[in-house]
Structures are given as structure tokens and as C-alpha cells.
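Chemist: kindly return the folded structure for what I paste below:
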Amino acid sequence: MAKNPKIRTAPTKKHMARVERERRERNIIYIVSAVVIIAVLALVLFGIVDQNFLKARRPVAIVNDEKITVSEYQGQTRLARYNLIQSAQRLYQLAQIMGNDPSSQASVANQLQSIDGQLFPQAIGRQIIDQLVDGLLIQQEASRLGITVSEDEVNQELEEVFGYYRLGTPTPTVTHVLPQTSTLSPLQESLIPSTPTSSTSLIPTSEITTTEIVEDNTQSLESPPTPTNVLTPTLTATTGPTATPFTQQAFDEIYQDAITNLSEEYSISESDLKRGFESHLYSDKVLDVITKDMQCTQEQVWALHILIDEEVLAKNIKTRLDEGEDWSLMATTYSTDTSNKDKGGDLGWFGQGVMVPEFEQAAFKLEVGETSAPVKTDFGFHIIRILGHEERPLTEDACQSMRSENFQEWLAELRENSNIIINEFWTDVAPTEPNLPANIVQFMNLNLSYPPTPSP
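Modeler: The predicted structure follows:
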């Protein structure tokens, strides 16, 4: 007899509840898993966006409500590092030319160590932050003054750095010659030393040196340094019977090679490069406006001196001079300043900030024809006689230096009166590349008594 088929019974309420509970649990698991996956993807996506877009747009500094972004800061810092490394490369090549002379090698190694110190991220990073802040302040002032810099001007400046002049090689300018001293009075004429080797020219000879009493750190006649965020390519001079014309096409090829190299090897973009030149042009234009009314003259004195080692002898010589003895004879006989003793101790014309303070203060207090009591400095005791005291025009270099100083004073005041915020996280985003090549580091290690500490 066949078995009866199993009779299906209806699901119980308990069974239905369990099935429903399991379904809800599965749905919860699916939802949680989806949320986790979405969250992970969102974090990854945010990281990519933050790294490539948001982080680059964060302001490392804010100057009067205008931002300096991480991207700008990093680009200019890499460019500055590149320029320092190019300087190191040139020094290293010089060391190879010098051969194996230990003193020369050590000298170059010390200069390379100085460059290595400048590459320290916090050091160069702070320098570039300050440059960018100053540059933005200058551009803001340029906008107020109606000054602009065109793309064509930037391109022309770039071309000239590479040695290409679209309008032809510029003709050297004529060196400025200082006008003569004002007509000498009878008193001045009587005071000019009358020795066979001295000059009675109205212009004291430029060969007169004052190195013995000039402060070692005096740099008042130096031109301002080139900004570190402007490209300084190494150009090799070529010689030959006929110069090859440097055409626009040749420049374009060299320029594109340079841009490709900067981008691929150093992560420096063309916009980074042009920004540095643009900032430099704005600075030059604003400087011209700020200093246009500046007179390139300076109060100066024309002085003679007799330098003596001992105070007693110096006082004795001063007494003899007061009694009428010949100044030139006293200078030739007793002065220890061999650079001018045979010229009556003639130091020529000089302004303030050139001589050591004690000497300068005494010289500028004297009237024409007056002779000082012995003035003590680190070099000995000076008896000073003044031949002239007047406002005199400066040399080209001195004038440029004065203009630069005045401009820096103006910029410091502008910075003081501006709203500047520098965000401290700039240290976290300071570029650490490019670095000195391994061969230069090895050279320093071999030629320094104390090898450099590796940069972080």
C-alpha cells in the first residue's frame, strides 16, 4: 500500500517571526556594509581632492585679505632651492678645475656647506614666505598707483636671462663720472698736502684706499641681491671667429627644453618661473616711483689723517702740528697707515656709514681746516684734518644702494601698517626637494672637518 504524501502545514507565527527577523538582520548588514564602503571611498576621494586641490589652495599667508596659497609657496620654494643647487654646481665645477689643492678644496667645501644650510626647509621656507608677502604688498601698492606688468614684459625679461634680445643686444651705458669738487677756497688750497707724490687735483684720486679704518661688514656700495625666486640659468660662453645669431626659434627650443627639465626633474612649472619674474618687475617699477624724487647726494667730508700706535706720541704730534710743523712731513714720518702716509694721509671724500663710528663722528664734527685731538679706534690713534665738507653727488653704485635702502625702509613701514597673517602650518608643507646631488655631498664630507648635518 502506497504511503500517503506528507501533508504541508501552514507556517506558524513563530516561524514567520524568525524569518522576518533574519531578513531585517540581512538588510542591516547590507546597509552597514554599503555605508562602510561609501565612507571608505569618500575618504579616499577626499584625500585625493585634498592633496591635489584643496591643500594646494590653502593660504600659508594672508596679506590685507589676499591669499598666498600653498601651491604658490611650494613652487617658489622649489625654484629657490633649484637656484641654490645651480650655485653649488658651479662651485663644485670650480673645485674640479682647481685640482687637489687642500686649502682651495676646503674653501669651496665651506661655501657649499653654507648653501646646504640655506637649503634647510625651515630656513629657505621662511625666506620665501617673507619674499611672497613683500611681493604681494608691492603688487597691491602697484595696483593703487596704476602700475601694471604685462605678459610681454615678463616674456622679454625671461628671454634676456637666456641671452636672447629680440630688439638686438643692448649697447653698454656710459659710466657716470662724478663732477669735480667745488672751487677750492684759499683755506682749502693751503691745506692740501704739498709732497712730490701727492695730487693737487680738484678730485682726490680714486686709488686712495681706506681699508684700514673701514668696518669689515660695510656693504653700503653693494647692489641689492638678486631675488632667490628668479631663475638664474648657467649659460656657457662660446668663442669663435664668427658669432652664431641667436634667433627666436633657437631661443624657443632652448626655453622649452628648460621648462621641460624644470617640470620633470624639479616639479617647477612655467607659471612658477614667470611668477618670480613678474614679482621682480613689479618691484623695480614701484621702486622707481617711490624713489623718483630722491636726490643722489650725500653729506661728505674730505679728510686727512695721521695714524699713530701710541697715545703719548699722538698727543706730541698734535702739539707740534698746532705749533706750525708741516702736516705732510708728520704724516710721512709717523703715520702707520702705509696706504696713504706718503700722500699726506689723504682719505679722499667719504660719507657716513663708511668709516668706523669713532673716526666718523669726529670727522663730521670738524669744520674745514680744523684738526682733531687724537681719536682712539681699534686701529690706533688718529689725528684728523678736514679739507672739505659739502653735499656731494654719489656714484652710480652708491646711488643704487641708497635707492634700495630707501625702498626697503618704505617696504618695512608698509609691512608694519598692513594686516598680515602667516599660518604656522607652512613648516609642514615646506618642500624638501630638490636636494644637493650626491657627488657634492660626498665632496663636502671629504673636505670638511665637520661634515654637514643631513637635512630632514
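Chemist: am I right that Leu436 is in a strand?
Modeler: No - going by DSSP: H, G, I helix; E, B strand; the rest coil, the assignment for Leu436 is coil, not a strand.
Chemist: surely it touches Gly117?
Modeler: No - between Leu436 and Gly117 there is no contact under C-beta atoms under 8 Å: 11.1 Å. All C-beta spots, glycine's among them, are computed from the backbone N, C-alpha and C.
Chemist: can you give me the strands for the stretch 351-456 of the chain?
Modeler: Remark: strands assigned in the stretch 351-456 of the chain by DSSP state E, counting those that start in this stretch are 375-377, 380-393, 420-422.
Chemist: give me the packing partners of the first one, helices and strands only.
Modeler: Read that as strand 375-377. helix 357-365, strand 380-393 (3 or more C-beta pairs under 8 Å, 6 or more residues apart in numbering; DSSP states H and E).
Chemist: quick one, which of the ones you listed gets closest to Pro431.
Modeler: The closest of the helices and strands packed on strand 375-377 to Pro431 is helix 357-365. By C-beta to C-beta, the value is 42.5 Å.
Chemist: on that earlier part again, make TSV out of the strands of the stretch 351-456 of the chain and add mean neighbour count, distance to Ser143 and mean pLDDT.
Modeler: Listed next are the strands of the stretch 351-456 of the chain as TSV, based on neighbours: other C-beta atoms under 10 Å; distance: least, C-beta to C-beta, whole Å; pLDDT from 0 to 100:
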stretch	mean neighbour count	distance to Ser143	mean pLDDT
strand 375-377	16	49	96
strand 380-393	20	34	95
strand 420-422	14	17	96
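Chemist: of these, which is nearest Ile259?
Modeler: Nearest of the strands of the stretch 351-456 of the chain (C-beta to C-beta): strand 420-422, 30.6 Å.
Chemist: follow-up on the earlier one: of the helices and strands packed on strand 375-377, which is nearest Thr169?
Modeler: Of those, the one closest to Thr169 (C-beta to C-beta) turns out to be strand 380-393, at 30.0 Å.
Chemist: so that closest one versus helix 357-365, what angle?
Modeler: Here strand 380-393 runs at an angle of 50 degrees relative to helix 357-365 (axes from the mean of the first three to the mean of the last three C-alpha atoms, to 10 degrees).
Chemist: for strand 380-393, C-alpha coordinates in PDB please.
Modeler: Extracted in PDB, the C-alpha atoms of strand 380-393 (Å, rounded to 0.1, in the frame of the first residue of the first chain):
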ATOM      1  CA  GLY A 380      95.200 103.200  17.000                       C
ATOM      2  CA  PHE A 381      95.000 107.000  17.500                       C
ATOM      3  CA  HIS A 382      94.000 109.200  14.500                       C
ATOM      4  CA  ILE A 383      94.800 112.900  14.100                       C
ATOM      5  CA  ILE A 384      92.200 114.100  11.600                       C
ATOM      6  CA  ARG A 385      92.300 117.200   9.500                       C
ATOM      7  CA  ILE A 386      89.300 118.300   7.300                       C
ATOM      8  CA  LEU A 387      89.800 119.700   3.800                       C
ATOM      9  CA  GLY A 388      86.200 119.800   2.700                       C
ATOM     10  CA  HIS A 389      82.700 119.400   4.000                       C
ATOM     11  CA  GLU A 390      79.800 119.500   1.400                       C
ATOM     12  CA  GLU A 391      76.800 117.800  -0.100                       C
ATOM     13  CA  ARG A 392      78.200 115.600  -3.000                       C
ATOM     14  CA  PRO A 393      76.700 113.500  -5.700                       C
END
